[in-house]
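# need a structure here:
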Amino acid sequence: MFASFGSVMALGLVGWGTLQLIDVFSGDSGDQKVRAANGTGECERGDKDPAENNAKSGRGDSGQGGQGGHGGRTGGKLPKPSQITVNVYNATTRSGLAKDTAEELEKRGFKIGKVGNAPARYDKKVKSPGMLLGAPGAGDGAFNVLGTQLNGAQTKNDARDGKDIDLIIGNGFKDLVKQKDADKALTALAKPSPTPSGTPCH
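Sure, this is the predicted structure:
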C-alpha cells in the first residue's frame with residue numbers, strides 16, 4: 001500500500017519537474033526573441049544622427065571652424081575689403097608690426113587709416129593675437145571680413161560714430177593668415193550656410 005502510494009508520488013514529482021523545465025526553456029527562448037527584436041534598430045546607438053556626428057567631429061552645420069560665427073552670413077550683407085577702413089595699432093613691444101601689417105592689409109584690398117602705437121589703455125594689455133575694435137554696426141559684417149585675415153582676434157565695440165575699425169595687434173600675434181587661406185575664408189563667408197541634409201532618426 002505504502003509502496004504504491006510512494007510510486008504515485010514519485011511519478012507526480014517527476015511530471016511536475018518536467019513541466020517546470022519545459023517552462024524554463026520555453027521562457028528563455030521567448031526572451032531571446034524579444035531581445036533580438038528590440039536590438040535591431042538602426043538608431044540604437046544614435047550614430048545615424050547627423051547632428052550628433054557633427055558634435056563629435058567638432059563641426060557645426062555651417063562647417064566653418066575657427067572663425068566664430070562667420071559661416072552664417074550671406075554675400076549681400078558683407079562689405080568688400082575696399083569698403084573697410086582699418087586703423088592698425090601695435091600694442092606689443094616689437095617695433096614695426098603696425099606698419100608691416102598695414103602694408104600687407106593694403107595689398108589685400110583694405111583701406112588703411114591711422115598706423116602707430118596702441119592707445120595707453122590697450123598698450124601691452126592685449127594678450128590675444130589681436131583685437132578688432134569698432135562701432136556696434138561693425139558686427140554686421142566688417143568684423144567678419146577683417147577677421148578672416150587674423151586667427152584668434154577678439155572683437156569689441158566702442159562708442160565711435162564712424163565705420164572705421166581698429167586692429168590692435170596683441171602679444172599673441174605671429175602673422176596674418178596666408179592670403180590664399182584668407183581668400184578662401186572670404187569666399188566661404190560670402191556663401192549662405194548649407195542646409196543640413198538627412199533626417200535625424202529618433
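
# Show me what secondary structure element comes after the lowest-mean-pLDDT helix or strand in the chain.
The helix or strand of the chain with the poorest confidence is helix 50-57; it has a mean of 37 (mean pLDDT, DSSP states H and E). From helix 50-57 onward toward the C-terminus, using DSSP states H and E, the following helix or strand is strand 85-90.

# counting contacts, what elements does that next one pack onto?
Here strand 85-90 touches helix 97-107, strand 111-117, strand 165-169, going by 3 or more C-beta pairs under 8 Å, 6 or more residues apart in numbering; DSSP states H and E. Placement of C-beta: from N, CA and C, glycine included.

# how does this protein divide into domains?
Per the record, the chain has its domains at 1-40, 71-189, by automatic domain parsing.

# So which of the ones you listed is the most surrounded?
Highest mean neighbour count of these: domain 71-189, a mean of 17 (counted as mean count of other C-beta atoms under 10 Å).

# Show me what the mean pLDDT comes to for that domain.
Taken as a whole, domain 71-189 has a mean pLDDT of 92.

# Out of the helices and strands packed on strand 85-90, which is closest to Asp140?
Closest of the helices and strands packed on strand 85-90 to Asp140 is strand 165-169, at 11.9 Å (criterion: C-beta to C-beta).

# CA atoms only for that closest one - export them in CSV, please.
C-alpha atoms of strand 165-169 as CSV (Å, rounded to 0.1, in the frame of the first residue of the first chain):
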residue,chain,number,x,y,z
ILE,A,165,37.8,99.6,-37.5
ASP,A,166,40.9,99.5,-35.2
LEU,A,167,43.1,96.4,-35.5
ILE,A,168,45.1,96.4,-32.3
ILE,A,169,48.0,93.9,-32.6
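
# Packing partners of that strand?
Counting contacts by 3+ C-beta pairs under 8 Å, 6+ apart, strand 165-169 packs against strand 85-90, helix 97-107, strand 130-134, helix 142-147.
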